[in-house]
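K.L.:
My questions concern the predicted model and sequence given below.
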Amino acid sequence: MMLLAILLPFLSFMFRGKILTGIICLILQITVIGWLPAAIWAALSLNNARADRRNDKLIRAMKQNQR
């Protein structure tokens, strides 16, 4: 998925269900200068999504241990 975020950033957003963000990223990616920021944006977004899932998993585990 990270390779996809770097090579085709808009597809990374589309596969994760962020259609509008993917379209905006595609518009940015169309320009030669905008491709690099689009790739960075997609990679950072992917890392943030993974971190959110890890945090949610940890919070659920902590809540279960409190019971």
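P.N.:
Cool, got the structure. Residues are numbered from 1 along each chain as shown.
K.L.:
Which residues outside stretch 48-56 are in contact with it?
P.N.:
Here stretch 48-56 makes contact (CB atoms under 8 Å, 6 or more residues apart in numbering) with Arg16. Using the backbone N, CA and C atoms, a C-beta is placed for each residue, glycine as well.
K.L.:
Using PDB, write down the CA coordinates of it.
P.N.:
Presented in PDB, the C-alpha positions along stretch 48-56 are these (Å, rounded to 0.1, in the frame of the first residue of the first chain):
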ATOM      1  CA  ASN A  48      -1.800   8.400  10.200                       C
ATOM      2  CA  ALA A  49      -4.500   5.900   9.400                       C
ATOM      3  CA  ARG A  50      -2.300   3.000  10.600                       C
ATOM      4  CA  ALA A  51      -1.500   4.900  13.800                       C
ATOM      5  CA  ASP A  52      -5.200   5.600  14.400                       C
ATOM      6  CA  ARG A  53      -6.000   1.900  14.100                       C
ATOM      7  CA  ARG A  54      -3.200   1.000  16.500                       C
ATOM      8  CA  ASN A  55      -4.400   3.500  19.000                       C
ATOM      9  CA  ASP A  56      -8.000   2.300  18.800                       C
END
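K.L.:
The helix or strand of the chain with the lowest mean pLDDT packs against which elements?
P.N.:
Least confident helix or strand, the chain: helix 2-7 with a mean of 83, by mean pLDDT, DSSP states H and E. Applying 3 or more CB pairs under 8 Å, 6 or more residues apart in numbering; DSSP states H and E, one finds that helix 2-7 contacts helix 9-15, helix 32-66.
K.L.:
buried stuff in stretch 17-28?
P.N.:
Lys18, Thr21, Gly22, Cys25, Leu26, Leu28 (16 or more other CB atoms under 10 Å).
K.L.:
Closest one of those to Met2?
P.N.:
The shortest approach to Met2 among the buried residues of stretch 17-28 belongs to Cys25, at 15.3 Å (CB to CB).
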